[in-house]
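Chemist: For reference, the sequence and a predicted model appear below.
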Amino acid sequence: QVQLVESGGGLVQAGGSLRLSCVASGRTFSNYAMGWFRQAPGKEREFVAVINWSSGRTYYVDSVKGRFTISRDNAKNTVYLQMNSLKPEDTAVYYCAAGRRYYSGSYSPIDMDYWGKGTLVTVSS
């Protein structure tokens, strides 16, 4: 049974930083796309970043490029999202997700096969 468990969310002031973690278990994620999505109140879930579990190749949505960094620690089965220079518009529930196919581009939620339950990030102005 695949499980993705996020942690690291919280309340931070604008300009601050947070690091989200996603511990993955239940299968081998070789060549999987491991992604982060977010959903703000009243809005659709949107893609943030993705990393190829095996190669480490990454792709980001334009709005977070230069501020967020996705990485993974294969030995710990963990994917991270380092978020710097946070803005109030980054406020959302952040979800970890895994998909069988990696490509270097923006993902839709329907591209992903497994989801975590999410962790709330609140950025105050």
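Modeler: Good, I have the coordinates.
Chemist: Give me the nearest residue to S54, chain neighbours excluded.
Modeler: N31 (4.8 Å; C-beta to C-beta, 6 or more residues apart in numbering). (C-beta placed from N, C-alpha, C; glycine too.)
Chemist: mind listing what the closest residue to K117 other than its chain neighbours touches?
Modeler: Leaving out its chain neighbours, the residue that sits closest to K117 by C-beta to C-beta, 6+ apart is E6, at 7.0 Å. E6 is in contact with L20, S21, C22, Y94, Y95, C96, G116, K117, G118, T119, counting by C-beta atoms under 8 Å, 6 or more residues apart in numbering.
Chemist: now do Y107
Modeler: A33, G35, F37, F47, V50, G99.
Chemist: quick one: which of those is nearest to I70?
Modeler: Taking C-beta to C-beta as the measure, I70 lies nearest V50 of the contacts of Y107, at 7.0 Å.
Chemist: That closest one contacts G56, doesn't it?
Modeler: No. With contact defined as C-beta atoms under 8 Å, V50 does not reach G56; the gap is 11.3 Å.
Chemist: Please say which of these two ends up with more neighbours.
Modeler: Of the pair V50 and G56, V50 is the one with more neighbours under other C-beta atoms under 10 Å, namely 29 against 11.
Chemist: That one pairs with what?
Modeler: Counting by DSSP bridges, V50 is bridged to G35, Y59.
Chemist: quick one: it and K43, what's the gap?
Modeler: From V50 over to K43 the distance is 20 Å, taken as C-beta to C-beta, to the nearest Å.
Chemist: Remind me which helix or strand the residue nearest to S54 belongs to.
Modeler: Under the criterion of DSSP states H and E, N31 resides outside all helices and strands.
Chemist: Just give the closest residue to the most centrally placed residue in the chain, not the sequence neighbours.
Modeler: Nearest to the mean C-alpha position of the chain, by C-alpha atoms, centre = their mean, lies W36 at 2.0 Å. Spatially, and ignoring its direct neighbours in sequence, W36 is nearest to V48 (4.4 Å; C-beta to C-beta, 6+ apart).
Chemist: The one you found touches V61, doesn't it?
Modeler: Yes. V48 is in contact with V61 according to C-beta under 8 Å; the separation is 5.7 Å.
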